Each structure stands twice: as structure tokens, then as C-alpha cells.
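Peer 1: sequence? don't have it. structure:
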């Protein structure tokens with residue numbers, strides 16, 4: 001076990017030592033121990049970088065040792081648990097793959113990724129990843145980009161093992177510590193630096209401290225805290241001033257635009273006023289001329305009206321006589337129209353009676369035609385019976401007499417049927433003649449429906 005003095009000499013507090021002991025006793029997994037070690041190294045590196053940068057008091061460059069060690073520690077943290085991918089040249093671990101995902105998650109990071117790809121001296125993915133870390137630190141967005149990255153564990157699982165630091169709680173703790181680096185101003189020259197062939201080795205001698213350094217570090221910590229507070233206040237005040245300046249600038253721009261528009265509208269309004277005044281003068285002169293012409297025209301029209309009034313009085317008497325004559329003629333025309341309408345009603349009634357008679361005649365004709373057809377069928381049956389009887393007469397001589405009697409009877413019936421048929425045909429002819437005479441009389445009575453009556457007479461005659 002280490003004594004408190006030795007732990008303090010190494011820059012480790014009592015709570016941190018207890019945390020390490022708890023980790024070493026409770027967890028036996030090598031990956032867990034590696035994550036704990038990397039977390040502690042990240043804490044020491046970030047803390048030392050912030051303290052030294054604030055004591056340094058100016059912008060950091062690429063040759064600053066604590067900054068170099070910080071990038072080495074971050075490289076080890078990002079490499080922890082990285083999957084080994086096969087390629088044509090063998091097996092390799094590339095940090096550029098997961099860092100390239102930030103461009104998809106945050107569009108603001110596209111500028112950094114494009115700058116890294118355009119650097120001519122970078123040939124390996126590791127060099128691109130190192131350049132990306134430096135550019136993100138200069139933007140003071142390293143913590144924001146890595147926070148977005150660790151929230152998408154579904155994407156990081158393609159690049160890291162399940163127990164990697166970026167997929168566990170230690171990754172979130174390191175991202176939270178990186179927020180403190182926003183107080184640092186760095187100016188790093190990435191273009192001329194050889195990032196492909198650098199060897200990342202952690203220098204532990206930078207984190208070893210003695211008692212004098214501890215005392216100085218406490219004073220420095222108090223100074224750093226006050227400086228940080230002042231810097232945060234100044235940054236917040238600057239941010240508020242920038243927002244107010246932007247707001248005022250926008251208002252000034254809008255007022256200038258509105259002022260220019262008002263000036264243009266004022267000039268247009270002045271021109272319109274001048275034109276309207278000229279038009280008003282012209283209208284007044286034209287109005288005076290129109291009034292003179294109207295007065296002259298009014299005098300002329302008054303004389304014309306008086307003359308027309310006299311002529312109207314003279315012509316009104318003749319118009320009254322013409323009106324009386326027209327009224328008498330109208331009465332005569334109305335009487336004639338009434339007579340014609342009465343005659344038309346009589347003709348319509350006669351037409352309806354004729355149509356009814358025609359329908360009754362047609363019905364009677366159809367019935368007689370049906371009876372005639374039935375009698376013809378009976379005649380055909382009688383003829384068939386006669387043929388059968390004649391055949392039977394030849395086959396049997398004994399029944400010949402009986403059949404002769406039957407034949408005579410049937411012949412008498414046929415004679416009677418033929419007589420009735422002749423009578424029906426005669427009556428049918430009489431009916432047809434009657435219908436033709438009726439149709440001709442109807443045609444003479446109602447000459448307006450000539451086409452319809454012609455069709456009716458044609459049907460009847462048929």
C-alpha cells in the first residue's frame with residue numbers, strides 16, 4: 001500500500017486513491033483495468049494541460065509538451081478496444097473510421113473533415129485522425145463532437161469491441177472532462193507537421209510531483225480558478241454583447257432599407273402631386289368650357305321642347321282615334337279566335353270518337369281472324385281423319401259401310417264449316433269496307449293529322 005505522502009507526491013488525491021483501490025479489488029477484468037488507467041491518465045493530462053496553459057498565459061502551439069502529451073493520451077483512449085480490420089496490406093487499427101462518423105452526425109464537422117482530406121502531407125488514416133483532433137481542439141468543439149459520437153453506440157459497435165472505453169461510462173467521463181479545454185486557445189500548424197510517422201508514447205515524468213510543487217499547485221489552482229471565473233464572465237459578457245450587436249445591426253439594416261423605401265415613395269408621391277395639380281388645372285378649364293356649352297345646349301333644347309310639345313298636342317287627337325279603331329279590330333279578332341277554338345274542340349272530340357271506333361273495329365277484326373284460324377285448324381283435322389278413314393276402309397270391308405256413313409257425316413260437317421267460313425269472309429269484307437269509309441270520312445274531317453291518318457288507313461286496309 002502507498003502512504004498518503006507518496007500518493008500526494010504523485011499528484012493523486014485520497015479520493016482518487018480509494019477509487020483506484022476499489023477498482024483493483026472489485027474488478028479483475030484486464031479491459032476494465034485498462035479503461036481505469038486510461039481514465040486516470042486522461043484526468044491527469046487534461047488537468048495538467050489546463051494548469052500549465054493558464055500559467056503560460058498565451059496561445060499554445062504544436063511544440064508545447066503538455067499539449068503533445070494530451071494528444072498522445074487521447075489517441076490511446078480512442079484506440080482502446082478498436083476492432084482490427086483486414087486489408088490487402090495486413091491487419092490495422094484505424095481511428096479515422098469512427099471520427100469520420102462525426103461528419104454525418106453533425107454537419108458543422110464537415111468543414112474539419114474536408115480540411116483533413118485536402119491536406120497534401122497526410123497519407124495514412126492515423127495521420128488524418130491526429131489532424132482531426134488538433135483542428136477540433138482549435139475550434140473548441142472537441143468535447144461536443146465526441147459527445148455526439150458516444151451517444152450513437154449502435155454506430156460505434158462496428159468499430160469497437162463491446163468493452164471498449166468509448167462504449168463504457170469512462171468514455172462519457174472523459175468527454176465531460178474535455179469541456180474544460182474550451183478555456184485554452186491553441187494555434188496549431190497541421191499542414192507542415194509529420195503526423196503519419198509520429199510515435200505516441202506517454203511521458204509519465206510530467207505527472208510526477210514533489211511537496212514543493214504541491215504547495216505551488218494549490219496556489220496556482222486558486223489563481224487558475226479566479227482566472228477561469230474572470231474568463232467565463234468576460235466570455236459571457238462578450239457573447240451577450242455580440243448578440244446585442246447583431247440585433248442592433250439587423251435593426252439598423254432594416255431601418256436603412258425602410259428609410260430608402262420611404263425616400264423613394266416620397267419622391268414618387270411628390271411627382272404624383274405635381275401631376276395631379278396639373279391635371280386639376282386642366283380639368284377646371286375643361287369644366288368651365290363644358291358649362292358654357294351646356295348652357296347654350298340647354299337654351300336650344302328648351303326651344304325644341306316647346307315646339308315638340310305643340311306638335312304632340314296636335315298629334316294626340318289623331319292617336320286617340322287610331323287607338324279606338326285598333327281596339328275595335330282587336331275585339332273582332334278575339335271573337336274570331338274564340339269561334340275557331342270552339343270548332344277545334346268539336347273536331348278533337350270527333351277525332352277521339354273516331355279513334356275509339358277504329359279501336360273497336362280492330363278488336364273485332366282480330367277476334368274474327370282468331371276464329372277463322374281455329375276453323376282452319378279444325379278443317380285440317382277433319383281432312384286428316386278422312387285420310388285415316390279412307391285407309392281403314394281399304395283394310396277392312398266389313399266396316400266400310402259404317403265408315404261411309406261417318407264420312408258422309410264428316411262431309412256434311414265440312415260443308416257446314418266451309419259455309420260458315422264463307423259467311424265470315426263476307427262479313428270480314430263488309431267490315432273492311434266500313435272501316436275504309438270511316439277512315440276516309442275522318443280524313444276529311446280532320447285534315448291537320450294527315451300523316452297519322454294515312455298510316456292508320458294503310459294499317460286497316462292491310
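Peer 2: Done, it's in. Because the structure is predicted, anything quoted here is derived from the model rather than measured.
Peer 1: Measure how far the strand or helix carrying residue 36 is from the centre of its chain, please.
Peer 2: Assigned by DSSP states H and E, residue 36 belongs to helix 30-56. On the basis of C-alpha atoms, centre = their mean, to the nearest Å, helix 30-56 sits 55 Å off its chain's mean C-alpha point.
Peer 1: Show me what stretch 363-381 is in contact with.
Peer 2: For stretch 363-381, contacts defined as C-beta atoms under 8 Å, 6 or more residues apart in numbering pick out 414, 417, 418, 420, 421, 424, 425, 427, 428, 431, 432, 435. Bear in mind the C-beta positions are built from the backbone N, C-alpha and C, glycine included.
Peer 1: what does stretch 401-418 give?
Peer 2: So stretch 401-418 is in contact with 375, 378, 379, 382, 385, 386, 389, 390, 392, 393, going by C-beta under 8 Å, 6+ apart.
Peer 1: what about the helices in the stretch 251-400 of the chain?
Peer 2: Applying DSSP state H, counting those that start in this stretch to the stretch 251-400 of the chain gives helices spanning 400-445.
Peer 1: Now do the strands in it.
Peer 2: For the stretch 251-400 of the chain, applying DSSP state E, counting those that start in this stretch gives no strands.
Peer 1: where are the low-confidence patches of it?
Peer 2: Regions of the stretch 251-400 of the chain meeting the criterion pLDDT under 70 are absent.
Peer 1: go again using 90 as the cut-off
Peer 2: Scanning the stretch 251-400 of the chain for pLDDT under 90 picks out the ranges 251-254, 256-261, 264, 270, 275, 277-333, 336-341, 343, 346-372, 374-400.
Peer 1: which residues are in contact with the helix or strand that the helix holding residue 36 is followed by?
Peer 2: For helix 30-56, the following helix or strand on the C-terminal side (DSSP H and E) is helix 65-79. Contact with helix 65-79 is made by 38, 41-42, 45-46, 48-49, 52-53, 60, 62, 93, 95, 98-99, 129-130, 133-134, 165-166, 171, 174, 186, 200-203, 206, as judged by C-beta under 8 Å, 6+ apart.
Peer 1: Report pLDDT for residue 446.
Peer 2: Note on residue 446: pLDDT of 59.
Peer 1: Show me what the host helix or strand of residue 115 is packed up against.
Peer 2: Element membership for residue 115 (DSSP H and E) is helix 110-118. In terms of contacts (3 or more C-beta pairs under 8 Å, 6 or more residues apart in numbering; DSSP states H and E), helix 110-118 is packed against helix 102-105, helix 125-139.
Peer 1: Columns mean pLDDT, distance to residue 346 and mean neighbour count on top of those, output as a markdown table?
Peer 2: Listed next are these as a markdown table, based on pLDDT from 0 to 100; distance: least, C-beta to C-beta, whole Å; neighbours: other C-beta atoms under 10 Å:
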| stretch | mean pLDDT | distance to residue 346 | mean neighbour count |
| --- | --- | --- | --- |
| helix 102-105 | 88 | 103 | 16 |
| helix 125-139 | 88 | 114 | 21 |
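Peer 1: Buried subset of the contacts of stretch 401-418 as a ChimeraX selection?
Peer 2: The ChimeraX selection below is limited to those of these classed as buried (16 or more other C-beta atoms under 10 Å):
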select :386,389,393
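Peer 1: possible to save the contacts of stretch 363-381 as CSV with pLDDT, distance to residue 236 and neighbour count?
Peer 2: Listed next are the contacts of stretch 363-381 as CSV, based on pLDDT from 0 to 100; distance: C-beta to C-beta, whole Å; neighbours: other C-beta atoms under 10 Å:
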residue, pLDDT, distance to residue 236, neighbour count
414, 89, 138, 15
417, 90, 134, 15
418, 88, 137, 12
420, 87, 134, 13
421, 88, 132, 15
424, 88, 129, 15
425, 84, 131, 12
427, 84, 130, 12
428, 80, 127, 15
431, 84, 125, 16
432, 81, 125, 15
435, 78, 121, 20
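Peer 1: Got phi/psi on residue 397?
Peer 2: Main-chain torsions, residue 397, degrees, to the nearest 10: phi -80, psi -30.
Peer 1: how far away is it from residue 375?
Peer 2: 34 Å (C-beta to C-beta, to the nearest Å).
Peer 1: Same check on residue 73?
Peer 2: Distance of residue 73 to residue 375, computed by C-beta to C-beta: 132 Å.
Peer 1: swap in residue 351?
Peer 2: Counting by C-beta to C-beta - residue 351 and residue 375 are separated by 36 Å.
Peer 1: How about residue 262?
Peer 2: Between residue 262 and residue 375 the computed distance is 115 Å (C-beta to C-beta).
Peer 1: give the contact list for the residue located most distally from the centre of the chain.
Peer 2: Within the chain, the residue lying farthest from the chain centre (C-alpha atoms, centre = their mean) is residue 398, at 107.4 Å. With contact taken as C-beta under 8 Å, 6+ apart, residue 398 is in contact with no other residue.
Peer 1: Could I get the phi/psi values of it?
Peer 2: phi -70, psi -40.
Peer 1: Report the contact partners of the residue nearest to residue 117 when sequence neighbours are not counted.
Peer 2: Distance criterion C-beta to C-beta, 6 or more residues apart in numbering; nearest residue to residue 117, sequence neighbours excluded, is residue 128 at 7.3 Å. Counting by C-beta under 8 Å, 6+ apart, residue 128 touches 96, 116, 117, 119, 122.
Peer 1: Which members of those are the farthest-apart pair?
Peer 2: Greatest spatial distance among the contacts of residue 128 (C-beta to C-beta): 96 and 119, at 12.5 Å.
Peer 1: quick one: contacts for residue 29?
Peer 2: residue 163.
Peer 1: per-residue confidence at it?
Peer 2: So residue 29 comes in at 76 (pLDDT).
Peer 1: quick revisit: tell me which of the contacts of stretch 363-381 is nearest to residue 343?
Peer 2: residue 435 (26.1 Å).
Peer 1: so how far is residue 364 from that closest one?
Peer 2: The value you get for residue 435 to residue 364, if C-beta to C-beta is used, is 10 Å.
Peer 1: Could I get the buried residue list for stretch 140-148?
Peer 2: For stretch 140-148, by 16+ other C-beta under 10 Å, it's 141, 142, 143, 144, 145, 146, 147, 148.
Peer 1: Turn those into JSON lines, including pLDDT.
Peer 2: Shown next, in JSON lines, are the buried residues of stretch 140-148 (pLDDT from 0 to 100):
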{"residue": "141", "pLDDT": "88"}
{"residue": "142", "pLDDT": "89"}
{"residue": "143", "pLDDT": "89"}
{"residue": "144", "pLDDT": "90"}
{"residue": "145", "pLDDT": "90"}
{"residue": "146", "pLDDT": "90"}
{"residue": "147", "pLDDT": "92"}
{"residue": "148", "pLDDT": "90"}
